[in-house]
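A.B. asks: Sequence plus the predicted model coming up.
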Amino acid sequence: MFESCADPSLLDGLPWLACYLTTGKHMAFYGSFLTVLALLAITAPFAMLFGFGGAMAARSDIAPLRWLGKTYTAMVRGVPDIVFFLFVPIAMDQGLEWLRHKVKCPDWDAPIRQGSDFVVCTAAKLPLSNAPQWAHEVYGFALAMIAFAIVFGAFAANVLSGAMTAVPVGQIETAAAYGMSKRQTFWRILVPQMWVYALPGLSNLWQILVKATPLLFLLGVEDIVYWARELGGAKTSTFSYPHPDWRLYYFLGLLVFYLSLTQVSDTVFQHLMRRLSHGQATLAGEAQRKATA
């Protein structure tokens with residue numbers, strides 16, 4: 001990046017380290033932190049949507065919809081996460097390519113399944129073979145994000161369903177006595193009050209989601225774990241800045257990053273819990289009333 005880095009063999013000490021830490025690979029490493037944060041920022045809302053939909057379906061008066069909601073939460077929660085993280089991207093990728101193959105190549109007469117290979121016509125590939133590199137990266141990231149949202153949405157559905165059940169039944173009965181419909185009671189009474197009961201479980205789920213982000217490495221996304229392993233390992237002649245095995249230092253950096261992120265998250269959730277507990281008939285709400293009395 002700097003002109004003084006043109007010949008690393010002439011450098012030593014801090015100048016060498018400065019040049020080493022500003023290589024193109026390190027820029028990609030720093031950018032991968034944004035990839036992890038983007039995954040969290042996008043996945044969390046989608047997981048909440050899946051979770052809220054699953055919780056509503058599990059409580060539905062319509063039997064098929066109720067079965068669907070309960071099956072979703074039970075199936076995803078009962079299968080190891082790594083299975084879904086590997087299965088969902090592959091299934092979605094092949095499913096989309098199969099649909100495109102049927103539309104774009106109707107005259108194709110060769111089998112799509114050829115042993116362990118999944119072969120479709122060139123026009124049906126996702127992304128296309130001539131697509132830029134960023135398109136492949138965004139596509140892989142999108143598949144990974146959907147897999148995370150489906151898995152953590154099932155856990156969120158269980159948390160939200162329990163929170164809805166925890167709302168005092170007297171609140172629901174009072175709403176009915178005032179003539180509110182089931183829909184009005186749900187949106188005006190149940191949903192606003194359930195968050196104080198759901199937040200502890202959702203905060204734990206968020207921390208688990210944070211800790212699960214290294215699984216991006218298994219899905220083919222070049223995340224911080226991928227670059228820490230690549231940059232920290234012993235170098236060969238293909239690298240401009242050879243050094244011994246520094247993986248310990250890179251993974252210590254990841255340790256600091258994740259501990260900092262979880263600490264900030266914990267502080268935010270504690271603040272939200274205090275806000276939501278205000279005026280609620282809970283132990284936290286009672287403690288607030290006694291403190292202000």
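C.D. replies: Received, thanks.

A.B. asks: just the strands in the stretch 101-250 of the chain please.
C.D. replies: 113-114, 117-118 (DSSP state E, counting those that start in this stretch).

A.B. asks: Of the ones you listed, flag the one that's most buried.
C.D. replies: Ranked by mean neighbour count under mean count of other Cβ atoms under 10 Å, those are led by strand 117-118, which reaches a mean of 11. All C-beta atoms are positioned from the backbone trio N, CA, C, and that covers glycine.

A.B. asks: any idea how far residue 271 is from residue 64?
C.D. replies: To residue 64, residue 271 is 41 Å away according to Cβ to Cβ, to the nearest Å.

A.B. asks: Make CSV from the strands of the stretch 101-250 of the chain and add mean pLDDT to it.
C.D. replies: Listed next are those as CSV, based on pLDDT from 0 to 100:
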stretch, mean pLDDT
strand 113-114, 80
strand 117-118, 80
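
A.B. asks: Nearest to residue 223, out of those strands?
C.D. replies: Taking Cβ to Cβ, strand 117-118 is the member of the strands of the stretch 101-250 of the chain nearest to residue 223, at 25.1 Å.

A.B. asks: Can you spell out which helices and strands pack onto that closest one?
C.D. replies: With contacts taken as 3 or more Cβ pairs under 8 Å, 6 or more residues apart in numbering; DSSP states H and E, strand 117-118 sits against no other helix or strand.

A.B. asks: Strand partners (parallel or antiparallel) of that strand?
C.D. replies: Partner strands and pairing direction for strand 117-118 (DSSP bridges) are strand 113-114 (antiparallel).

A.B. asks: Need the contact partners of the partner strand.
C.D. replies: Strand 113-114 is contacted from outside by residue 119, using Cβ atoms under 8 Å, 6 or more residues apart in numbering.

A.B. asks: one more time with 10 Å, if that's ok
C.D. replies: Strand 113-114 has contacts (Cβ atoms under 10 Å, 6 or more residues apart in numbering) with 94, 119.

A.B. asks: Check stretch 201-208 too.
C.D. replies: Against stretch 201-208 from outside (Cβ under 10 Å, 6+ apart): 40, 44, 47-48, 51, 81, 152-153, 155-156, 158-160, 162-163, 195, 198-199, 258, 261-262, 265-266, 268-270, 272-273.
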